[in-house]
Every structure is written in structure tokens, then in C-alpha cells.
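Enquirer: need a 3D model of the sequence below.
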Amino acid sequence: MELFNKLGKTASKTYQATKEKAVNLSEELKLKGKITNLKDKISEKYSEIGKKVYIQVKDNKDVLKDEIIPICEEISNCEEQISKLEANILAIKKVKKCTECGAELEIGASFCSKCGKKQEQPQDVDLNQEQPQDTKEAEVVSINNSQENKENPENAE
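Expert: The predicted structure is shown next:
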């Protein structure tokens, strides 16, 4: 009878570990999907800048910073969101990046196993927080702008 109890406990522990890994992998994939979307948005913004500059140069006009700066700010905002999402992925994987070479290290590592650089100890990260609050706000703003463009076509690109 004791054998069955041990087998049951072992199976339960294995199930819990597998469940945790599956949940973490699912969260990681969601965050990577959001990163991909943000990178696509950045590419679109680069194209938008290029198009605006080309049209102005083609028409022998000075490039207007007032038209370009807001787009650059959107790119910077996307890059900030990507950094936060990447930090969340590292937290889910329970690893950190080497400050010198970028190699993934165990969270408690004092030195990089690849380049030998001394590592700072990480700050506590809340793994229960799905994503940073500003990311949610930024997504809402993007949706609102998209809806606004549909309602007012003259505001669209």
C-alpha cells in the first residue's frame, strides 16, 4: 500500500511541475507575440517616416521635424514596451541576462559562465503581474487612435 502512496505523490509532483512549465511557456509565448506585434509596428513607423521624408525631399521642401518627432516618440514608446516585456519573459524563465555579453544566467549567479563578468543581484520581480500597467494603457491608446482614424479619415496617415 505504501508503494501506491509513493507513486501517487510522485505522479502528483510531476503533474504540478509539468503544469507550471506549461503555464510559464504559455505566458512566454503570449509575451513574445506582443513583442513581435510591437516590432512590426516599429517597422511600419520607420516606413511612415521614410515616406514623409521622401515626399518632402521630392517636392524640394525642408523635412519638417514636427511631422517626424511624434512618430519617433511612438517608436521609442514601443521600444520601452518591448524592454518591459523582455524583462517579464526573463522573470517567467527565472533567468537574467549578463550585463556584459547578454548570455542567459541563473537568477542567483554572481558571475557570468560565458564571459566571467561579475553580476549584480536582481531585484524582486512580481511573477503574478501579467504585464506592466503602461503596456495595457499603450495598447488602449493604439486602439483608440485606430478607431479615431476610422471615424475621421482625414486624421489617418
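Enquirer: so for stretch 26-43, what gets flagged as buried?
Expert: Buried positions in stretch 26-43, judged by neighbour count with 16 or more other C-beta atoms under 10 Å: 27, 30-31, 34-35, 38, 41-42. For every residue, glycine as well, the C-beta is placed using N, CA and C.
Enquirer: I'd like the average pLDDT over it.
Expert: Stretch 26-43 carries an average pLDDT of 96.
Enquirer: helix or strand next in line after the strand or helix carrying V23, which one?
Expert: Secondary structure from DSSP states H and E places V23 in helix 2-58. Heading C-terminal from helix 2-58, the first helix or strand you meet, by DSSP H and E, is helix 65-93.
Enquirer: helices or strands up against that next one?
Expert: Applying 3 or more C-beta pairs under 8 Å, 6 or more residues apart in numbering; DSSP states H and E, we find helix 65-93 packed against helix 2-58, helix 133-151.
Enquirer: quick one: closest of those to E104.
Expert: helix 2-58 (12.8 Å; C-beta to C-beta).
Enquirer: now the closest one against helix 65-93, angle please.
Expert: Angle of helix 2-58 versus helix 65-93, following axes from the mean of the first three to the mean of the last three C-alpha atoms, to 10 degrees, is 170 degrees.
Enquirer: run the chain-centre distance for helix 2-58.
Expert: In terms of C-alpha atoms, centre = their mean, to the nearest Å, the centre of helix 2-58 is found 8 Å from the chain centre.
Enquirer: so C72 makes contact with I49?
Expert: Yes. With contacts counted by C-beta atoms under 8 Å, C72 reaches I49, the gap being 7.3 Å.
Enquirer: how close does L105 get to G33?
Expert: L105 sits 25 Å away from G33, going by C-beta to C-beta, to the nearest Å.
Enquirer: which of the helices and strands packed on helix 65-93 has the lowest mean pLDDT?
Expert: Across these, helix 133-151 gives the lowest mean pLDDT, at a mean of 41.
Enquirer: excluding chain neighbours, what is closest to L38?
Expert: C78 (4.6 Å; C-beta to C-beta, 6 or more residues apart in numbering).
Enquirer: per-residue pLDDT, that neighbour?
Expert: So C78 comes in at 97 (pLDDT).
Enquirer: report the separation between it and I55.
Expert: 23 Å.
Enquirer: what about those two, which has more around it?
Expert: C78 (21 against 12; other C-beta atoms under 10 Å).
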